Each structure stands twice: as structure tokens, then as C-alpha cells.
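S.K.: here is my input; please provide its structure:
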Amino acid sequence: MKKKIILIISFIIVLLVAYFGYKGFNLYYFNTSNFEKFTEQFSISDTITLKLKDTKNNDYFQYKNIKIRNDFKDYEQLELDTNVDNTSPKLVLKDATHNTSKAFWMGIADTYVYLSKADKTLYGTNDNRITNTNLTSILEKNNIYSDIELFNYLSNQKYVRNNIFTSVKKMKENYAIQFITSVMIPEISSITLINGDYEGYIFNLKDNMREVSILKNNKRYVFSFISDSTITNEYLTDILSTIVIE
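M.R.: Here you go, the predicted structure:
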């Protein structure tokens, strides 16, 4: 009887060692600690509401099917790169010393949720932790169908870290989403949401740069503002309310 008890205890110990060894290996392999700085940036700082209005004298700057009030008459438009498809216009304003004091450009891009589901080779990695992962399934499982839902999810990831008690499946999911989005999305200070007549968001970046994405037609209509002075929410609310997407 005593021998049987010893065998049972030994068997249980072997199982526990194997289990925690397996979990420990996967915890190391799918380590998300390198993404902590990245997930920390996903804070929703505030929200602006857009109510569309016309410009005076139909005064717009236009690119393809996008129009916005033309606040850029004094800007110089950089020459488009004819070797690159769909090159978007870039406008710069020079100061007295011929240095760029302000810049503006706009274009059309895929949403980050769409890109997350794309071919993993786009991210320049052969990491099997990514290439063997079905991100579409992971996003749908977490009810992530839009960029804003993705950012809300990532914001919550600040408080979720893989640990020895996390299931291996969940470790893989956390690693995959955080890795892919860390590659795609620039380093930001915070996010401002946009609601009202348009839905979207603003990446508040360093060095007085604010990148606006208006979501429509399953695309991002991107408007980037750079300035040597603060770009306020009041100004952005005013000019973004003149956007026309046909």
C-alpha cells in the first residue's frame, strides 16, 4: 500500500513537472514583455465630434475622391514620385530660413484590422509564432472588426500579461496580436477618437504631428498635420468638419 502511494505521488510530481515545464517553455517562447512599451501607448485621451459644413466659395484642396478646406495656399507641393503607385500629395510650408515649419499630406490606406489579416510576409518576419497563427480567427473571437475595436482591445492589454496560468492558446493570441500591431502602428503618445458625421481616430505623435484617419468604405482616409507649434483639437475639429469623401 505504501509503495502504491509513493508511485502515485511520484506520478503526480512527474505530471506537474512536465506541465509546468511545458507552460514555462511557452511562456518564454510567447513572451509579450517586449511589447509592454507598445501597449502602454494605447490610451484614449479624448474625443472630438465632427459636424460637416461647407467651405466658403467652394475652396477645397482635392486628391482623388477626397476634399478638405484649402488652408494650404502658401504651401509648396512636393513633386510626386512617379515610380510609386498611388503616391499621395505632400505639402510643406517653409519659414524665413527655408526650414519646414508646417506640413500636410493626405492619402488612402487600408485599415489596420485589414492589414492584420494580410500575408504575414508583409511584416518582414519569418517568425513561426506569427506565420502559423490565424489572426482573422483571433480578431473575430475577440469581436475586433474595426480599428477602434482593435485599439480598445490593445488598451486593455496593458493589464493583461502572459503568465504560467495563461493557457498556451491564449499566450499565442496575445503574442500574435501585439506583435503584428507593434510592427504596423507608429509610436504614439495617445489616441483621440472621432465621432459625429464621420468616425475615426487621431494618432497623437511626438514632435507636434497628428495623423487623422477617417474610416469609410472599409478604408482609412489619412490626413497628416505637422507643425512647429501645437495643433489643437479646436483647429482639427474645424478643418476636419470640411472633409468631403465622394
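S.K.: now do the least confident helix or strand in the chain by mean pLDDT: which elements does it pack against?
M.R.: Counting by mean pLDDT, DSSP states H and E, the weakest-scoring helix or strand in the chain turns out to be helix 128-131, with a mean of 69. Judged by 3 or more Cβ pairs under 8 Å, 6 or more residues apart in numbering; DSSP states H and E, the packing partners of helix 128-131 are helix 168-184. Placement of C-beta: from N, CA and C, glycine included.
S.K.: counting contacts, what elements does the helix it packs on pack onto?
M.R.: Short answer (3+ Cβ pairs under 8 Å, 6+ apart): helix 168-184 packs on helix 2-29, helix 36-40, helix 112-116, helix 128-131, helix 135-141, helix 147-156.
S.K.: now that helix and helix 147-156, what's the angle there?
M.R.: With axes from the mean of the first three to the mean of the last three Cα atoms, to 10 degrees defining the directions, helix 168-184 sits at 120 degrees from helix 147-156.
S.K.: so what's the residue nearest to the spatial centre of the chain up against?
M.R.: Centroid-nearest residue in the chain: I185, 4.2 Å away (criterion: Cα atoms, centre = their mean). I185 sits next to Y112, F203 when contact means Cβ atoms under 8 Å, 6 or more residues apart in numbering.
S.K.: just to revisit the earlier point, distance between the least confident helix or strand of the chain and the chain's centre?
M.R.: Distance of helix 128-131 from the chain centroid (Cα atoms, centre = their mean, to the nearest Å) equals 20 Å.
S.K.: show me the shaky parts of this structure.
M.R.: Along the chain, segments meeting pLDDT under 70 span 1, 80-86, 96, 119-127, 131-133, 159.
S.K.: hmm, try it at 90
M.R.: Within the chain, the ranges that satisfy pLDDT under 90 run 1-45, 54-58, 76-101, 114-142, 150-190, 206-208, 228-230, 246.
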